[in-house]
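Undergrad: what's the 3D shape of this:
(chains A, B, C and D)
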Number of protein chains: 2
Amino acid sequence: MKKTSLSDIANKLGVSKSLVSLVLNGKAKQNRIGDEISKKVVKLAQQLNYQPNQMARSLRLGRSETIALIVADISNQFFARMGRAVEDEADKHGYKVIFSSSDENPDKLGELLNVLIDRQVDGFIISPTLKSKEHILRLKKNNIPFVLIDRCLPPIKTNYVVADNYNSTYNAVKFMLEKGYKKTGFITVSSGLSNMKKRLQGYKDAMKNFGVRGYGNLIREVDYNNFDESVREAVKELLLPPNNLRSLFFATIIIGMVAIKCINDMNLRVPQDVALVSFDDSEGYQICYSPITAIAQPIDLMSGEAVRILINEIKQKNVKSEKTQIVLPTEFIIRDSCC
Amino acid sequence: MKKTSLSDIANKLGVSKSLVSLVLNGKAKQNRIGDEISKKVVKLAQQLNYQPNQMARSLRLGRSETIALIVADISNQFFARMGRAVEDEADKHGYKVIFSSSDENPDKLGELLNVLIDRQVDGFIISPTLKSKEHILRLKKNNIPFVLIDRCLPPIKTNYVVADNYNSTYNAVKFMLEKGYKKTGFITVSSGLSNMKKRLQGYKDAMKNFGVRGYGNLIREVDYNNFDESVREAVKELLLPPNNLRSLFFATIIIGMVAIKCINDMNLRVPQDVALVSFDDSEGYQICYSPITAIAQPIDLMSGEAVRILINEIKQKNVKSEKTQIVLPTEFIIRDSCC
DNA sequence: CTGAAAGCGCTTACAG
DNA sequence: CTGAAAGCGCTTACAG
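TA: Below is the predicted model of the structure:
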């Protein structure tokens, strides 16, 4: 079955493609096209189930009404939820979204950008990897609309939407300290990503302000490669002698997942033997016998804002130089793991 | 910055667009285009960082090298992992993928199909909802390539890739029975989806073959709407008097997640008070103090096969009528929840 | 009030 | 060995 095109309708009605196009795009009035003929066009279009070819439309208009979301890994719970929220918000504006995973690899990110630009996506929502500065600058130089999400690249002035990583962590650590967990270990990934740096700083400042000494020794930055092993090692180092810590803070959910498995393997009880708090929340945290206290990011809100900012910038073709920066509060969910 | 086009290159070199196009598409040889001129073209294209406009190419060629993946909800762990695997496999073939969530709503599925067909996606991978028969038939009638995943619509002859729901469940229930859990409750969603029906049947047949009587009373089909409440109710009914069951089987991971929370709230111990087995695996299942025995679907394999079948069908334009049907074995992962 | 024409950027069958 | 032309399906400025 060949799809019906503009000319099919035009021919059947004995009018021009222009007229049909105008009518179907709701521009009949402003072009003073006759009422009866308009109605006929609309009716026939419905009968033939006419659907404009978006490819042709895009080519002509120079926009595709498609945006791209580039995250580290779409199968990661955090990004999966982000994907869904982006999809929903984009849908409201008539945009479709292409998802891609960078695997935290700047080269892959660059490749993705190239391919997607060729496909004429109208803009990007990006969770930038380490060392992706040049690629982001390239977008900026070429006036391609984009907004950063989850992480930002501070020296570069861009749109971004992130969670309040610093204060969330500061307050969570403060909470632990006030609960009596004087020495709380901090396990994070070794990474210069803005969000990770903020979380670490939040921890450090809380420890410092509460007069904890030597907290530098309680920090472990695990390796991305050999991740699981690295996390387990950190957990053991902190919980076993000579450190003997009784509380831990996980800077991400993927750390938390591995760490908790390790803690179970060690036959330690939560919170009796060790109290836990994690950045990011997950369904999994809730089904623990001692559900994990967590910092939940406002994923839906973040994603929604990012889409709105992006589409806004896409629509006003004249690229404005002011950029929008949003830092959203998180929710601290106190559960049994830290009582 | 205006992107460089074919004519830019042609003009600078004083040759025709045709020649440039031929050269850049590797058809220089077969069209006996001069070696020196070919080299010049390639070189200039690189210098100008020429990237063909895919929109124009698609319009001309009638294909977009984009496929669509429609699942129930991309934020669901199972589908998120599927999304990632589809992305990776599609990438190998030079295809991009658009993700969409149907929310198990056939009307939304139909809408999505329309919009995506307008966007000239070359084919679909679909996890069909209930009552989506007409939409699937429409695709079939219009010779639009697609493959069903996770679920199939038995009377209709289509490509599909699913897990071996029947045998996986049969064997898991058999395992429980042999472990001494004579009366195992089965909690599923009320749904006529093929995968759910197979799982239920697997349970029934195992119970029957092992001579368990009255197992019909041990089955609970929860409601999609009011889901959490419905699951909790089912759990309580089965575990409390008069049923007093000591083992449960969850037909999906989302049921399992809610059920386990409920079991924790009831202060029951796993596996001492109640043994558990779930269809689908998840990271969350592993961090339980008593990790959950689970049936893991071969998500990567399923997704990879689906993409390969789809792209295969897209490439051989002549739509062949034989369809590929694949049923993949699952992995039964025995953990502490059922010992 | 309506139509003919140009053009978005590409590919390919046809000439020569 | 290379170029001119048509055409994918649309939109829009220009005529009349």
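Undergrad: which residue packs closest to residue A:40, ignoring adjacent ones?
TA: Nearest residue to residue A:40, sequence neighbours excluded (Cβ to Cβ, 6 or more residues apart in numbering or on different chains): residue A:13, at 6.0 Å. To be clear about C-beta, it is placed using only N, CA and C from the backbone, and glycine gets the same treatment.
Undergrad: And for the one you found, the neighbour number?
TA: Neighbour count for residue A:13, taken as other Cβ atoms under 10 Å in any protein chain shown: 16.
Undergrad: Is there a neighbour count for the closest residue to residue A:163 other than its chain neighbours? I'd like the number.
TA: Of all residues not flanking residue A:163 in the chain, residue A:297 sits nearest, at 4.4 Å (Cβ to Cβ, 6+ apart). By other Cβ under 10 Å, the residues close to residue A:297 number 26.
Undergrad: again with residue A:241
TA: Count around residue A:241 with other Cβ under 10 Å applied: 5.
Undergrad: Please apply the same query to residue A:242.
TA: 5.
Undergrad: what about it, which helix or strand?
TA: Per DSSP states H and E: residue A:242 is located in neither a helix nor a strand.
Undergrad: now do residue A:161
TA: Judged by DSSP H and E, residue A:161 forms part of strand A:159-163.
Undergrad: just to revisit the earlier point, ok now do the residue nearest to residue A:40, which residues does it touch?
TA: By Cβ atoms under 8 Å, 6 or more residues apart in numbering or on different chains, residue A:13 lies in contact with A:20, A:37, A:40-41, A:44.
Undergrad: related to what we said a few turns ago, my read: the residue nearest to residue A:163 touches residue A:78, true?
TA: Yes. The pair residue A:297 and residue A:78 qualifies as a contact (Cβ atoms under 8 Å) at a distance of 7.4 Å.
Undergrad: tell me, what's touching the two both at once?
TA: Joint contacts of residue A:297 and residue A:78 (Cβ under 8 Å, 6+ apart) are residue A:280.
Undergrad: just the strands in chain A please.
TA: A:66-71, A:96-101, A:123-126, A:146-149, A:159-163, A:184-189, A:219-222, A:247-250, A:275-279, A:293-296, A:325-328, A:331-333 (DSSP state E).
Undergrad: Output the contacting helices and strands for the second one.
TA: Contact here means 3 or more Cβ pairs under 8 Å, 6 or more residues apart in numbering or on different chains; DSSP states H and E; on that basis strand A:96-101 packs against strand A:66-71, helix A:77-92, helix A:106-118, helix B:77-92, strand B:96-101.
Undergrad: what angle do the third one and strand A:96-101 make?
TA: Between the axis of helix A:106-118 and that of strand A:96-101 there is an angle of 160 degrees, by axes from the mean of the first three to the mean of the last three Cα atoms, to 10 degrees.
Undergrad: How about helix A:106-118 and chain B, any contact?
TA: Yes. Helix A:106-118 reaches chain B (Cβ under 8 Å from any Cβ of the partner chain) through A:114-118.
Undergrad: just these now: which is nearest chain B?
TA: Nearest to chain B among the residues of helix A:106-118 next to chain B is residue A:118, at 4.6 Å by Cβ to the nearest Cβ.
Undergrad: contacting residues for the residue in chain A positioned nearest to chain B?
TA: Minimum separation of chain A from chain B (Cβ to the nearest Cβ) falls at residue A:284, amounting to 2.7 Å. Taking Cβ under 8 Å, 6+ apart, we find residue A:284 in contact with A:257, B:282-285, B:287.
Undergrad: Could you pull out the buried residues of stretch A:107-123?
TA: A:108-110, A:112-113, A:115-117, A:119-123 (16 or more other Cβ atoms under 10 Å in any protein chain shown).
Undergrad: close to DNA strand C, is it?
TA: No. Applying Cβ under 7 Å from any atom of the strand, one finds stretch A:107-123 separated from DNA strand C by no less than 8.7 Å.
Undergrad: So is that stretch next to DNA strand D?
TA: No. Figure legend: stretch A:107-123 not in contact with DNA strand D (Cβ under 7 Å from any atom of the strand); closest approach 12.7 Å.
Undergrad: just how off-centre is that stretch within its chain?
TA: Remark: stretch A:107-123 is offset 17 Å from the chain centroid, using Cα atoms, centre = their mean, to the nearest Å.
Undergrad: Could you export it as PDB, CA atoms only?
TA: Coordinates of each C-alpha in stretch A:107-123 appear next as PDB, following Å, rounded to 0.1, in the frame of the first residue of the first chain:
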ATOM      1  CA  ASP A 107      35.000   9.300  22.200                       C
ATOM      2  CA  LYS A 108      31.700   7.400  21.900                       C
ATOM      3  CA  LEU A 109      29.900  10.600  23.000                       C
ATOM      4  CA  GLY A 110      31.600  12.500  20.100                       C
ATOM      5  CA  GLU A 111      30.600   9.800  17.600                       C
ATOM      6  CA  LEU A 112      27.100   9.800  18.800                       C
ATOM      7  CA  LEU A 113      26.900  13.600  18.500                       C
ATOM      8  CA  ASN A 114      28.100  13.400  14.900                       C
ATOM      9  CA  VAL A 115      25.700  10.700  13.800                       C
ATOM     10  CA  LEU A 116      22.800  12.400  15.500                       C
ATOM     11  CA  ILE A 117      23.600  15.800  14.000                       C
ATOM     12  CA  ASP A 118      23.600  14.200  10.600                       C
ATOM     13  CA  ARG A 119      20.200  12.900  11.400                       C
ATOM     14  CA  GLN A 120      19.100  16.400  12.000                       C
ATOM     15  CA  VAL A 121      18.000  16.100  15.600                       C
ATOM     16  CA  ASP A 122      16.900  19.500  16.700                       C
ATOM     17  CA  GLY A 123      18.700  19.400  20.000                       C
END
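Undergrad: mean confidence score for it?
TA: Across stretch A:107-123, the average pLDDT comes to 91.
Undergrad: what's next to that stretch, contact-wise?
TA: Contacts for stretch A:107-123 (Cβ under 8 Å, 6+ apart): A:58, A:62-68, A:70, A:95, A:98, A:100, A:102, A:124, A:126, A:128-129, A:132, A:134-135, A:138-139, A:144-147, A:310-311, A:313-314, B:51-55, B:66, B:96.
Undergrad: Touching, residue A:148 and residue A:157? I think so.
TA: No. Counting by Cβ under 8 Å, residue A:148 does not reach residue A:157; the two are 10.9 Å apart.
Undergrad: okay, those two: which has more neighbours?
TA: For residue A:148 versus residue A:157, neighbours defined as other Cβ under 10 Å are more numerous around residue A:148 (24 against 13).
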